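Asker: what's the 3D shape of this:
(one chain, ligands or ions: 2)
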Amino acid sequence: MAVDTKAGAGVFSEENTAKREELIELLKKAYWMEIETVMSYTANSINPDGVRAQEIVEHLEQDIQEELGHAQQFGKRIKELYGVVPGSMDFSAEQSYLQPPEQQTDVVHVIRGVIEAENGAIEHYQRIIEFCDDFDLVTQDMLIAIQRDEQGHKRLFEGFLREYEAEGRA
Ligand SMILES: [Fe+2]
Ligand SMILES: [Fe+2]
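Answerer: Ligands and ions are numbered 1, 2, ... in the order given. Next comes the predicted model:
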(Lines give C-alpha, C1' and ligand atoms only; values in the text may rest on other atoms or scores of the structure.)
(Ligands and ions follow the chains in the order given, each with its own letter.)
Protein backbone atom coordinates (compact mmCIF):
# COMPACT_ATOMS: atom_id res chain seq x y z
CA MET A 1 0.00 0.00 0.00
CA ALA A 2 1.33 3.39 -0.95
CA VAL A 3 2.00 5.77 1.89
CA ASP A 4 1.46 9.47 1.34
CA THR A 5 4.51 10.83 3.13
CA LYS A 6 3.65 14.44 2.29
CA ALA A 7 0.34 14.31 4.13
CA GLY A 8 2.01 13.33 7.37
CA ALA A 9 5.22 15.29 6.89
CA GLY A 10 4.10 18.19 9.00
CA VAL A 11 4.35 21.93 8.94
CA PHE A 12 8.13 22.15 9.43
CA SER A 13 9.16 19.75 6.66
CA GLU A 14 11.09 21.02 3.65
CA GLU A 15 8.45 20.00 1.14
CA ASN A 16 5.81 21.96 3.05
CA THR A 17 7.70 25.27 3.01
CA ALA A 18 5.27 26.97 0.61
CA LYS A 19 2.25 25.77 2.54
CA ARG A 20 3.80 26.89 5.84
CA GLU A 21 4.34 30.35 4.33
CA GLU A 22 0.73 30.39 3.20
CA LEU A 23 -0.35 29.53 6.76
CA ILE A 24 1.79 32.36 8.13
CA GLU A 25 -0.06 34.79 5.82
CA LEU A 26 -3.42 33.51 7.08
CA LEU A 27 -2.19 33.98 10.65
CA LYS A 28 -1.02 37.53 9.90
CA LYS A 29 -4.50 38.38 8.67
CA ALA A 30 -5.93 36.87 11.87
CA TYR A 31 -3.44 38.94 13.90
CA TRP A 32 -4.57 42.16 12.20
CA MET A 33 -8.23 41.27 12.67
CA GLU A 34 -7.63 40.94 16.41
CA ILE A 35 -5.63 44.18 16.59
CA GLU A 36 -8.34 46.09 14.72
CA THR A 37 -10.98 44.54 17.00
CA VAL A 38 -9.03 45.81 20.02
CA MET A 39 -9.10 49.32 18.49
CA SER A 40 -12.80 49.16 17.63
CA TYR A 41 -13.89 47.68 20.95
CA THR A 42 -11.82 50.23 22.85
CA ALA A 43 -13.56 53.14 21.09
CA ASN A 44 -16.96 51.48 21.41
CA SER A 45 -16.44 50.77 25.09
CA ILE A 46 -15.84 54.48 25.76
CA ASN A 47 -18.15 56.36 23.37
CA PRO A 48 -21.64 55.05 24.25
CA ASP A 49 -23.95 57.22 26.36
CA GLY A 50 -26.90 56.17 28.45
CA VAL A 51 -27.99 53.76 31.14
CA ARG A 52 -28.69 50.97 28.64
CA ALA A 53 -25.21 51.23 27.16
CA GLN A 54 -23.50 50.25 30.39
CA GLU A 55 -23.96 46.49 30.01
CA ILE A 56 -22.53 46.63 26.47
CA VAL A 57 -19.62 48.80 27.64
CA GLU A 58 -18.71 46.38 30.44
CA HIS A 59 -18.69 43.37 28.13
CA LEU A 60 -16.63 45.17 25.51
CA GLU A 61 -14.10 46.13 28.18
CA GLN A 62 -13.68 42.43 29.04
CA ASP A 63 -13.53 41.39 25.40
CA ILE A 64 -10.71 43.87 24.65
CA GLN A 65 -8.42 41.84 26.93
CA GLU A 66 -9.45 38.57 25.31
CA GLU A 67 -8.96 39.88 21.77
CA LEU A 68 -5.55 41.26 22.73
CA GLY A 69 -4.69 37.81 24.10
CA HIS A 70 -5.74 36.30 20.76
CA ALA A 71 -3.51 38.75 18.88
CA GLN A 72 -0.58 37.73 21.08
CA GLN A 73 -1.27 34.04 20.48
CA PHE A 74 -1.36 34.59 16.72
CA GLY A 75 1.88 36.57 16.90
CA LYS A 76 3.64 33.85 18.89
CA ARG A 77 2.49 31.14 16.51
CA ILE A 78 3.73 33.20 13.52
CA LYS A 79 7.17 33.29 15.18
CA GLU A 80 7.13 29.57 15.98
CA LEU A 81 6.46 28.94 12.28
CA TYR A 82 9.57 31.05 11.47
CA GLY A 83 7.56 34.04 10.32
CA VAL A 84 7.86 37.63 11.53
CA VAL A 85 5.03 39.49 13.27
CA PRO A 86 4.32 42.49 11.00
CA GLY A 87 4.88 46.11 12.00
CA SER A 88 2.15 48.73 12.19
CA MET A 89 2.94 50.17 8.74
CA ASP A 90 1.51 46.99 7.21
CA PHE A 91 -1.85 47.54 8.84
CA SER A 92 -4.92 48.40 6.80
CA ALA A 93 -8.33 48.88 8.43
CA GLU A 94 -11.44 46.96 7.34
CA GLN A 95 -14.04 47.36 10.10
CA SER A 96 -16.18 50.09 8.49
CA TYR A 97 -19.19 48.73 10.43
CA LEU A 98 -17.59 49.44 13.82
CA GLN A 99 -17.00 53.16 13.33
CA PRO A 100 -18.64 55.45 15.90
CA PRO A 101 -22.39 55.91 15.24
CA GLU A 102 -23.97 59.33 14.60
CA GLN A 103 -25.59 59.28 18.05
CA GLN A 104 -23.61 57.86 20.95
CA THR A 105 -26.85 56.45 22.42
CA ASP A 106 -27.17 54.22 19.33
CA VAL A 107 -26.21 51.01 21.10
CA VAL A 108 -27.82 48.83 18.44
CA HIS A 109 -25.26 50.08 15.91
CA VAL A 110 -22.50 48.90 18.23
CA ILE A 111 -24.16 45.53 18.89
CA ARG A 112 -24.60 44.87 15.17
CA GLY A 113 -21.00 45.92 14.51
CA VAL A 114 -19.68 43.54 17.15
CA ILE A 115 -21.69 40.65 15.69
CA GLU A 116 -20.29 41.42 12.23
CA ALA A 117 -16.72 41.53 13.56
CA GLU A 118 -17.19 38.22 15.38
CA ASN A 119 -18.72 36.65 12.26
CA GLY A 120 -15.73 37.79 10.21
CA ALA A 121 -13.32 36.25 12.71
CA ILE A 122 -15.29 33.00 12.92
CA GLU A 123 -15.28 32.72 9.12
CA HIS A 124 -11.55 33.38 8.76
CA TYR A 125 -10.60 31.08 11.64
CA GLN A 126 -12.76 28.30 10.21
CA ARG A 127 -10.75 28.62 7.00
CA ILE A 128 -7.48 28.28 8.95
CA ILE A 129 -8.82 25.28 10.90
CA GLU A 130 -9.61 23.53 7.62
CA PHE A 131 -6.26 24.59 6.09
CA CYS A 132 -4.47 22.96 9.05
CA ASP A 133 -6.09 19.54 8.60
CA ASP A 134 -3.42 16.81 8.32
CA PHE A 135 -0.82 19.57 8.27
CA ASP A 136 -0.45 21.55 11.51
CA LEU A 137 -2.54 20.25 14.39
CA VAL A 138 -0.89 22.56 16.91
CA THR A 139 -2.07 25.67 15.06
CA GLN A 140 -5.40 23.98 14.50
CA ASP A 141 -5.80 23.28 18.22
CA MET A 142 -5.06 26.93 19.03
CA LEU A 143 -7.56 28.12 16.43
CA ILE A 144 -10.30 25.84 17.74
CA ALA A 145 -9.90 27.32 21.24
CA ILE A 146 -9.96 30.90 19.89
CA GLN A 147 -12.90 30.02 17.66
CA ARG A 148 -14.86 29.05 20.75
CA ASP A 149 -14.15 32.43 22.38
CA GLU A 150 -15.44 34.23 19.27
CA GLN A 151 -18.57 32.06 19.18
CA GLY A 152 -19.18 33.00 22.82
CA HIS A 153 -18.76 36.72 22.06
CA LYS A 154 -21.11 36.44 19.10
CA ARG A 155 -23.76 34.59 21.10
CA LEU A 156 -23.64 37.14 23.89
CA PHE A 157 -24.17 40.08 21.56
CA GLU A 158 -26.88 38.23 19.63
CA GLY A 159 -28.68 37.99 22.98
CA PHE A 160 -28.38 41.76 23.43
CA LEU A 161 -29.75 42.30 19.94
CA ARG A 162 -32.70 39.97 20.64
CA GLU A 163 -33.62 42.03 23.66
CA TYR A 164 -33.63 45.23 21.62
CA GLU A 165 -35.58 43.56 18.82
CA ALA A 166 -38.16 42.21 21.28
CA GLU A 167 -38.70 45.75 22.49
CA GLY A 168 -38.95 47.12 18.98
CA ARG A 169 -35.81 49.19 19.38
CA ALA A 170 -33.75 47.45 16.70
FE1 LIG B 1 -10.50 37.36 19.02
FE1 LIG C 1 -14.26 38.11 19.71
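Asker: which ones are touching the residue in the chain that ligand 1 sits nearest to?
Answerer: Ligand 1 sits closest to residue 70 of the chain, with a gap of 3.7 Å, by CB to the ion. (Each C-beta comes from the backbone N, C-alpha and C, glycine too.) Counting by CB atoms under 8 Å, 6 or more residues apart in numbering, residue 70 touches 30, 34, 146, 149.
Asker: give me the pLDDT for it.
Answerer: pLDDT for residue 70: 98.
Asker: need the phi and psi values for the residue most central in space within the chain.
Answerer: For the chain, residue 121 is the residue whose C-alpha lies nearest the centre (CA atoms, centre = their mean; 3.9 Å). According to degrees, to the nearest 10, the main-chain angles of residue 121 amount to phi -70, psi -50.
Asker: that one contacts residue 150, doesn't it?
Answerer: Yes - counting by CB atoms under 8 Å, residue 121 does reach residue 150; the two are 4.7 Å apart.
Asker: follow-up on the earlier one: out of the contacts of residue 70, the closest to ligand 2 would be?
Answerer: Nearest to ligand 2 among the contacts of residue 70, counting by CB to the ion, is residue 149 at 6.0 Å.
Asker: which stretches in the protein count as helices?
Answerer: Assigned by DSSP state H, the helices in the chain fall at 5-8, 17-46, 53-80, 107-131, 137-166.
Asker: got the angle between the fourth one and helix 53-80?
Answerer: Angle between the axes of helix 107-131 and helix 53-80 is 20 degrees (criterion: axes from the mean of the first three to the mean of the last three CA atoms, to 10 degrees).
Asker: output the contacting helices and strands for helix 107-131.
Answerer: Packing contacts for helix 107-131, counted by 3 or more CB pairs under 8 Å, 6 or more residues apart in numbering; DSSP states H and E, involve helix 17-46, helix 53-80, helix 137-166.
Asker: please state the offset of that helix from the chain centre?
Answerer: Distance of helix 107-131 from the chain centroid (CA atoms, centre = their mean, to the nearest Å) equals 7 Å.
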